[in-house]
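Trainee: Generate a structure from the sequence data that follows.
(2 chains)
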Amino acid sequence: MKQSFTPYFFLLPAITLILALTIMPLIYSLYLSVTNYEMGRPHIEIRFVGLQNYIEAIMDARFLTALIRTFLFVAVVVSSEFVLGLILALALNRNFRGRNLVMILLTIPFMVAPVAVGFLWWTIFDTNYGPMNHLVVDILHLANNKISWTGDPNIALYSIMLVDIWQYTPFVMLILLAGLRSIPAEPYEAALIDGASGLALFRHITLPLLKPAILVSLLIRIIDSFKIYDLVYLLTYGGPGTATEVASFYIYLRGFKHFRISYAAALSYIILIISAILVTVLINIVRKGMRR
Amino acid sequence: MRKSAKNLVKDVGFYIFIAIVCLIFAFPFYWMIITSFKIELDIFHYPPVYWPMRLTDYNYRVGLLDLWGLKSIQDSFIISSLNTLLVLAVSLPAAYALALLPVKGKGTILNWILSQRMLPPIAAAIPFFVLWNSVGWLDTYQALILTYTIFNLPLAIWLLTSYIEELPKDIHESALVDGAGHLSTLRHIIMPLIGPSIAVTALFTFIFSWNEFLFALLLTRSKIRPFTVIIPSLIGGHAILWGAISAVTLIGLIPEIILIILLQRHLVRGLTLGAIKG
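Mentor: This next block holds a predicted model:
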């Protein structure tokens, strides 16, 4: 009797905390999303409005644009990080002097606060005094005039992508490198005896054996880059205009700048459902890929 | 002879590649460090000054004392360390049960816990803001300490469960045969054996709390200003204080960089929740 009860007693604090801190808020948020609740308007009676907020959301062109922009962001940064990360991992998969130092340097960008990274790049991107324009205009002569990296609506989103790629390429590299290191030497030796070329080795041995690491790194990066918020807040605040407004940032504006809490709750539920679908689909793909 | 010459060219090429990679990833940090010691004339200078000759500690005095830099780092430290303690206290028994005791639906529980980490923070931001506001907890330490557990607890339980599962099973069995209770087995047998793993879990939890921005921004006002909130507020609030903000940012990054160096060997496992073992 005592034996069968104990495990649940050990799990109780964790499960209680998770229930209290995730399920309860989410239920509360669902309730808010079907009301007309607004912050700082106590005289308005809170009443049930049904699906009104959700209907408004799917007709909200600014929200839909922000959503598409978020997907574009995910597609560009994750594919760039994967290609660059793979090249780096293949290059660093050997022993050389100073390897540990290089690994530590490459770890810092993705482990430090994104806000700090945003500030670093904010000064680098500065139109008048930043090193970015010095490099592009005066050293490489790629442009004739100074570029407004975060102020030009045609460029700002790409600047944020660049910072994200700078920050997380080493992350992808690190995971792929761990995958590369776990590949045994035997298949290569056998293939070399058979006279296989370098490219054939890569395609038929390295890539298939690296698949679990590739899938996991892509899964994590897709899920995390979908949440992009910090860099946008710091570098452009969604601007200029609405040029860099991503989904999380738009919800923040609606809820905490315009105080339309109930509408923001509906928007965040839509985001929650989209990411739940995304996560489920991706995890299934990863599981299937791992089994093979 | 020809072969070694070819190898030499290859090696030189490799080291040039490594040097370029290092330059790309180190430069932004180098730039911040020199900015924090520059005088204003050199900060707002074009072309940029890459090797400042005139150095000052003015930015540190302004950033840390006048602009609440020290207070913000103190706040971040209080929140992150108390959150880490809470997360460990709750996740250790849970991981023990999941790894060693017969729990029905163990896989479901683990998957459900993991799915909490996938939750987009903005989806939880609105209810948390309204809830903490209604109990008068906005701008308090406890609101952030509790809120951060929802993202850190799943990671901690996953990591600790996988570490405990790797211990030889008979250690646990013989402890129980000797008549030790589960609580004392956990404290006196399991915990000492996974000491380094507990440290790794604690470091991850601490760093994630330290880096968090969205909740820190929404749930604090004026009494509590975590380090991640102070940086954008200085950018927006005053004239351009590059030097002082760089100084505050640098001081805020130093503790984490030390922890990151300590974590280096365990990073892959923690970041992939054990899916890939580094």
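Trainee: Quick check: phi and psi on residue 149?
Mentor: Unless you meant another one, I'm taking chain A. phi -60, psi -40 (degrees, to the nearest 10).
Trainee: what about the residue lying closest to it once chain neighbours are set aside, distance to A:Pro109?
Mentor: The spatial neighbour of A:Trp149 that comes closest, neighbours along the chain excluded (C-beta to C-beta, 6 or more residues apart in numbering or on different chains), is A:Phe125 at 3.8 Å. In short, each C-beta sits where N, CA and C put it, glycine included. According to C-beta to C-beta, to the nearest Å, A:Phe125 stands 16 Å off from A:Pro109.
Trainee: who's in contact with the residue nearest to A:Trp149?
Mentor: Neighbour list for A:Phe125: A:Met132, A:Trp149, A:Thr150, A:Ser159, A:Leu235 [criterion: C-beta atoms under 8 Å, 6 or more residues apart in numbering or on different chains].
Trainee: Looks like A:Tyr250 contacts A:Leu64 (just checking).
Mentor: No. A:Tyr250 lies out of contact with A:Leu64 (C-beta atoms under 8 Å); the separation is 10.0 Å.
Trainee: rewinding a little: output the contacts of A:Phe125 in JSON lines; the columns should cover neighbour count.
Mentor: JSON lines is the format used below for these (neighbours: other C-beta atoms under 10 Å in any protein chain shown):
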{"residue": "A:Met132", "neighbour count": "19"}
{"residue": "A:Trp149", "neighbour count": "25"}
{"residue": "A:Thr150", "neighbour count": "25"}
{"residue": "A:Ser159", "neighbour count": "23"}
{"residue": "A:Leu235", "neighbour count": "23"}
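Trainee: From those residues, which land in strands?
Mentor: Assignment to strands by DSSP state E places none of the contacts of A:Phe125 there.
Trainee: residues making contact with stretch A:229-245?
Mentor: A:62, A:65-66, A:69, A:114-115, A:117-119, A:121-122, A:125, A:150-154, A:156-157, A:159-160, A:163-164, A:246, A:248-250, A:252-253, B:121-122, B:213-214, B:217, B:228, B:231-232, B:235.
Trainee: in it, what counts as buried?
Mentor: A:229-238, A:240, A:243-245 (16 or more other C-beta atoms under 10 Å in any protein chain shown).
Trainee: Which strand or helix spans the residue nearest the centre of chain A?
Mentor: By C-alpha atoms, centre = their mean, chain A has its centre lying nearest to A:Ser225, at 1.2 Å. In this structure, A:Ser225 sits in helix A:207-226 according to DSSP states H and E.
Trainee: Could you confirm whether that helix reaches chain B?
Mentor: Yes. Under the criterion of C-beta under 8 Å from any C-beta of the partner chain, chain B is reached by helix A:207-226 at A:Pro212, A:Ala213, A:Val216, A:Ser217, A:Ile220, A:Ile223, A:Phe226.
Trainee: ok, now which ones touch the second one?
Mentor: Right, the one you point to is A:Ala213. By C-beta under 8 Å, 6+ apart, the contact set of A:Ala213 is A:Ile175, A:Leu176, A:Ala178, A:Gly179, A:Leu180, B:Ile276.
Trainee: Show me which of those are buried.
Mentor: Buried among the contacts of A:Ala213 (16+ other C-beta under 10 Å): A:Ile175, A:Leu176, A:Ala178, A:Gly179, A:Leu180, B:Ile276.
Trainee: So B:Phe29 sits against A:Ile108, correct?
Mentor: Yes. Assessed by C-beta under 8 Å, B:Phe29 is found in contact with A:Ile108 at 7.1 Å.
Trainee: hang on, the earlier thing: of the residues of helix A:207-226 next to chain B - the most surrounded one?
Mentor: In terms of neighbours by other C-beta atoms under 10 Å in any protein chain shown, those top out with A:Ser217 at 30 neighbours.
Trainee: Let me see the confidence value for that residue.
Mentor: Per-residue confidence (pLDDT) for A:Ser217: 91.
Trainee: how near is it to A:Lys227?
Mentor: From A:Ser217 to A:Lys227 the distance is 16 Å (C-beta to C-beta).
Trainee: Next: B:Phe204.
Mentor: For B:Phe204, the distance to A:Lys227 equals 18 Å [C-beta to C-beta].
Trainee: For the two, indicate the residue with more neighbours.
Mentor: Neighbour count, other C-beta under 10 Å: between B:Phe204 and A:Lys227, B:Phe204 has more, with 24 against 21.
Trainee: show me the residues around that one that make contact.
Mentor: Residues near B:Phe204 by C-beta under 8 Å, 6+ apart: B:Asn152, B:Leu155, B:Ala156, B:Leu159, B:Leu263, B:Gly270.
Trainee: That one belongs to a helix?
Mentor: Yes. When DSSP: H, G, I helix; E, B strand; the rest coil is applied, B:Phe204 is found to be in a helix.
Trainee: so where's chain A uncertain?
Mentor: Applying pLDDT under 70 to chain A flags the ranges A:1-4, A:41-43, A:292.
Trainee: in it, which spans are helices?
Mentor: Taking DSSP state H as the test, the helices found in chain A are A:2-18, A:24-33, A:52-59, A:61-92, A:99-111, A:114-125, A:131-133, A:156-181, A:186-193, A:198-201, A:207-226, A:230-235, A:247-252, A:261-291.
Trainee: nearest to B:Leu131, of those?
Mentor: Closest to B:Leu131 of the helices of chain A is helix A:24-33 (C-beta to C-beta; 6.4 Å).
Trainee: could you give the angle of that closest one to helix A:261-291?
Mentor: Here helix A:24-33 runs at an angle of 130 degrees relative to helix A:261-291 (axes from the mean of the first three to the mean of the last three C-alpha atoms, to 10 degrees).
Trainee: quick one: contacts of helix A:24-33?
Mentor: A:53-54, A:261-262, A:265-266, A:268-269, A:272, B:123-124, B:126-128, B:130-131.
Trainee: Which of these sits closest to B:Leu67?
Mentor: B:Phe128 (27.8 Å).
Trainee: what helix or strand does the closest one sit in?
Mentor: Applying DSSP H and E, one finds B:Phe128 within helix B:121-134.
Trainee: Can you list the helices and strands that whichever helix or strand comes after that helix packs against?
Mentor: Where DSSP H and E defines the elements, the next helix or strand beyond helix B:121-134 is helix B:141-165. Helix B:141-165 sits against helix A:2-18, helix B:69-100, helix B:106-118, helix B:121-134, helix B:195-211, helix B:214-219, helix B:267-271, with contacts defined as 3 or more C-beta pairs under 8 Å, 6 or more residues apart in numbering or on different chains; DSSP states H and E.
Trainee: try 6 Å this time
Mentor: Contacts defined by 3 or more C-beta pairs under 6 Å, 6 or more residues apart in numbering or on different chains; DSSP states H and E place helix B:141-165 against helix B:69-100, helix B:106-118, helix B:195-211, helix B:214-219.
Trainee: worst average pLDDT in the ones you listed?
Mentor: Among the helices and strands packed on helix B:141-165, helix B:106-118 carries the lowest mean pLDDT (a mean of 77).
Trainee: Next, the buried residues of it.
Mentor: Within helix B:106-118, the residues that count as buried by 16+ other C-beta under 10 Å are B:Lys106, B:Ile109, B:Leu110, B:Ile113, B:Leu114, B:Gln116, B:Arg117, B:Met118.
Trainee: Give me the angle between that helix and helix B:121-134.
Mentor: Using the same axes, to 10 degrees: helix B:106-118 against helix B:121-134 is 80 degrees.
Trainee: so helix B:106-118 versus helix B:69-100, what angle?
Mentor: Going by the same axes, to 10 degrees, helix B:106-118 makes 160 degrees with helix B:69-100.
Trainee: State the pLDDT value of the closest residue to B:Thr56 other than its chain neighbours.
Mentor: Of all residues not flanking B:Thr56 in the chain, B:Ile39 sits nearest, at 5.1 Å (C-beta to C-beta, 6+ apart). For B:Ile39, the model assigns a pLDDT of 91.
Trainee: Same check on B:Leu271?
Mentor: For B:Leu271, the pLDDT comes out at 77.
Trainee: how close does it get to chain A?
Mentor: Distance of B:Leu271 to chain A, computed by C-beta to the nearest C-beta, to the nearest Å: 7 Å.
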